[in-house]
Every structure is written in structure tokens, then in C-alpha cells.
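In: A predicted structure for the sequence below; I have some questions about it.
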Amino acid sequence: MPSPDNQGSSSLFSSFGRSIFGGRQEQVHSVEASHESDSCNLELGSFQKRVTDRFQDLSVASDEEFLSINWIQKLLGAFISCQEEFRVILLNNKEQVTKPPLDRMISEFFERSVKALDICNASRDGIEKIRTWQKHLEIVFCALGSSKRALTEGQFRRARKALMDLALAMLDEKESGSVFSQRNRSFGRHNSSKDHHSSAGHSRSHSWSVSRSWSAAKQLQSIANNLIPPRATEIAATSRLAIPVYTMNCILLIVLWTLVAAIPCQDRGLSIHFPVPRQLSWGTPVTVLHERITDESKKRERRNSNGLLKEIYQVEISSRRLTDLIDSAQFPLADDQKTEVERDVKELMHVCEAFRNGLDLLERQVREVFRKIMTCRTEGLDYLGTSSYTEQ
């Protein structure tokens, strides 16, 4: 049995040894942690910069491009890129994702993402509605667009009927919106049964199909609820990962809000509370974007529009003017009347071309947004150790 002195010496040596080797290990771990921290900070900073750059480009678009089909495509492209980069950030920080308070923040983000799927479906339905309008425009162009023959009363009657059908189709009535919404199906799903969610309210469809009582305005408000910037303690506790989570929450909201503003949608409404901290680099361009769209919606000629999409406005203006010309026309047509008809038909032709060239790509992008949201959510739930989504 060792003597007490030997025990003390052994204990002291053991303690000293632990101190020496423990110190070395702590130094190594400190260097590794510092390197990982620097790498994480670089990744997060780069993400914030790319988000800022993308939305800066969108916010300074010319009046001619702003809210056009081409501009909406750029907006969705920006969101898809942000969503993919955010997915990679989560993938690279799996351990942090499962720890509080980050696990709660990410769960709340997935809750909002699921609600976003309904808006993707409603947007796709809105695109289908625009395609219906396009068919009426094609009839008008077919009747009046030929420069090789003189315009006759028969052609005017045909064009006028198509314009009347177009005007009726563009009426933004609640009843027509509800009927149209019954045809709405989720991407990749075909639900032949009647809408069994109709009694559950606006927030219960979650991408199966939007019910008759579903409201885009209420869905947006539901997504915006309790969206507040992370506190300093939460940022520190999550190694700053709370910032990209909050960033994606805001980007998701502004993109969905813009889609609802631009594209025909059931029970559209834009009056949601959307505070963005100016100290975040992307805060300024997103705020500018929000203000520009809000200002556009307040213009007298846009207040009762089916959507703020620039091409929709061009259809409304040109078709109304052409209808007035046809109603007041007397045959044979005077030269100035021919000139005005040709001008309006040409404008409608340009809109038809924009629809033909842009709507298919726009729908594909909405589908891609839907898929990106689903992929990120599925992977994220795996990180959090759950395989199914539980509604609150």
C-alpha cells in the first residue's frame, strides 16, 4: 500500500499531468473552434451579402421592368438561390440545429414554410387564370390584327365579343374566385374528391387544396405573425445562426407577399405588418421593395385590379380603350380610327407575346419554389429528429 507521501506526490503529478495535457488539448480545441467559428462567420456573412445584392438589384429595377413577368421571374430566382444556400448552411451546422433555441426557431420557420405551399398553389391557379385571358386576347388579335385586309363590321363584332368575355373573366368577384379555387391542386397531387378542408378554415389546407374559405390575405398574416428579430442573447447562443433563420423568414414573407400582390389570387390583401430592421444589410432593399409595391397598389387605376403584374395593367388599359373604339366606330372607318385600333391591337399583341414567352417559365419557377421549400423542410425535420409535421 503506498505511503501517504507517495499518494500526495502521485496525486500532484496526476493533477499536473492533467493540467499540462489538458492545457494542450484545450489549446488545440481552441484553435479548431476558432477556425470553425471563422469559417462559419465567413459563410454567414457571405450569405447575408448575397441576399442583399439580389434584393438590391430587384429594388432598383426601372418602372418599365418593375412587377413585370420578367421581374417576377428574377424575384423567384433570387428566392430559390437564397433557399438553397440556407439549406446548405443548415446542412453544415447540423449539431447546432438540434440545440435550443435554434431548434425552436427553425421549427417556426418550417411552420411558415408549410403555409407558403398554399400560396404557391394559389399562384399557379392565378397563372392559369391569366392563360384564360390570353385566349380571349388571341381571338381579338386574330380578328383585328391582319394588316392585309380591311377591317369589317363582322371582325369588329367578333373582337367585341372576345373583349366582353375577357372583361367578364377579369372581374375579381369573390364568387368567381371561390369557384376557380376548387380547381386548385397541389403540385404532383391530384385530388379528385371534394374539398374536405372547407370547414377547417384558411390555415388548414396546407397544400392539399385551398378551400372556399381560404384567404391569401389571412394566410400572409398568419405567416407574418410573431416574426420578430432575434435578441442578442439568442444570436450569441446560436453562434449567429439565428440571423440567417430570421433572414429567410423575412425573404419568404416578402416573396409570397409580392406573388399575392402581382398574380390573381383568392381574397388578395396587402395590408400586413412588415417591420424590417435597418441594421441588417438586406433591410434597406427589402423595405424599398415593399414600399414600391405598396405605392403601386395605392394608385387609383390599380386599386381594383386583379393583380399588380404590369402585363395585367396593360391588358386592362388596352382592352378598355379598344372596346370604347369599337363601340364608337362607324363604317367605313376614318384614318384616325384605324390608327388607334392598330395601336391598341399592337399593344395587346405585345402582351400576348409576354404571356406566351413568360407564363410557362413563371409556373415552372413557382413549382421549383414549392419543391425547394419541401426539400429544405424535409431535411431540416430529419436534423431535428422528427419524421412528420405536427400541426399546431
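Out: Yep, it's here.

In: so where do the helices sit in this structure?
Out: 4-59, 69-92, 94-97, 102-144, 153-169, 174-181, 216-224, 232-237, 242-262, 283-298, 310-328, 335-383 (DSSP state H).

In: Now do the fourth one: which elements does it pack against?
Out: So the one you mean is helix 102-144. Secondary-structure packing of helix 102-144 (3 or more C-beta pairs under 8 Å, 6 or more residues apart in numbering; DSSP states H and E): helix 94-97, helix 153-169, helix 174-181, helix 216-224, helix 242-262, helix 310-328, helix 335-383. Yep, even glycine has a C-beta here, placed from its N, CA and C like the rest.

In: closest one to I69 among those?
Out: Taking C-beta to C-beta, helix 335-383 is the member of the helices and strands packed on helix 102-144 nearest to I69, at 3.7 Å.

In: Now do the closest one, average pLDDT.
Out: The average pLDDT within helix 335-383 is 91.

In: next one: it to chain centre, how far?
Out: With C-alpha atoms, centre = their mean, to the nearest Å as the basis, helix 335-383 stands 14 Å off its chain's centre.

In: for stretch 229-249, same thing?
Out: Using C-alpha atoms, centre = their mean, the mean C-alpha position of stretch 229-249 is found 22 Å from that of the whole chain.

In: who's in contact with V97?
Out: Going by C-beta atoms under 8 Å, 6 or more residues apart in numbering, V97 touches L90, D103, I106, L241, G380, Y383, L384.

In: do the same with R292
Out: R292 neighbours (C-beta under 8 Å, 6+ apart): S59, F66.

In: and the gap between it and L309?
Out: 14 Å (C-beta to C-beta, to the nearest Å).

In: hang on, isn't F86 packed against R50?
Out: No. The criterion here is C-beta atoms under 8 Å, and F86 misses it with R50 at 10.6 Å.

In: Of the two, give the one with the bigger neighbour count.
Out: Higher neighbour count among F86 and R50: F86, with 22 against 15, using other C-beta atoms under 10 Å.

In: Spatially, what comes nearest to that one if we skip its sequence neighbours?
Out: Excluding the flanking residues, the one nearest F86 by C-beta to C-beta, 6 or more residues apart in numbering is M248, at 4.9 Å.

In: Could you list which residues are in contact with that neighbour?
Out: C82, Q83, F86, F109.

In: State the pLDDT value of the third one.
Out: Read that as F86. At F86, pLDDT is 96.

In: between the contacts of M248, which is nearest L362?
Out: For these, the nearest to L362 is Q83 (17.2 Å; C-beta to C-beta).

In: The closest one is in contact with K372, isn't it?
Out: Yes. Applying C-beta under 8 Å as the test, Q83 and K372 come out as touching, 4.5 Å apart.

In: mind checking how far A216 is from K115?
Out: A216 is 11 Å from K115, by C-beta to C-beta.

In: Who has more neighbours out of those two?
Out: A216 (27 against 20).

In: What is the neighbour count of the closest residue in space to E138 that isn't next to it in sequence?
Out: Among residues not flanking E138 along the chain, C352 sits closest, at 6.3 Å (C-beta to C-beta, 6+ apart). The number of residues packed around C352, counting by other C-beta under 10 Å, is 20.
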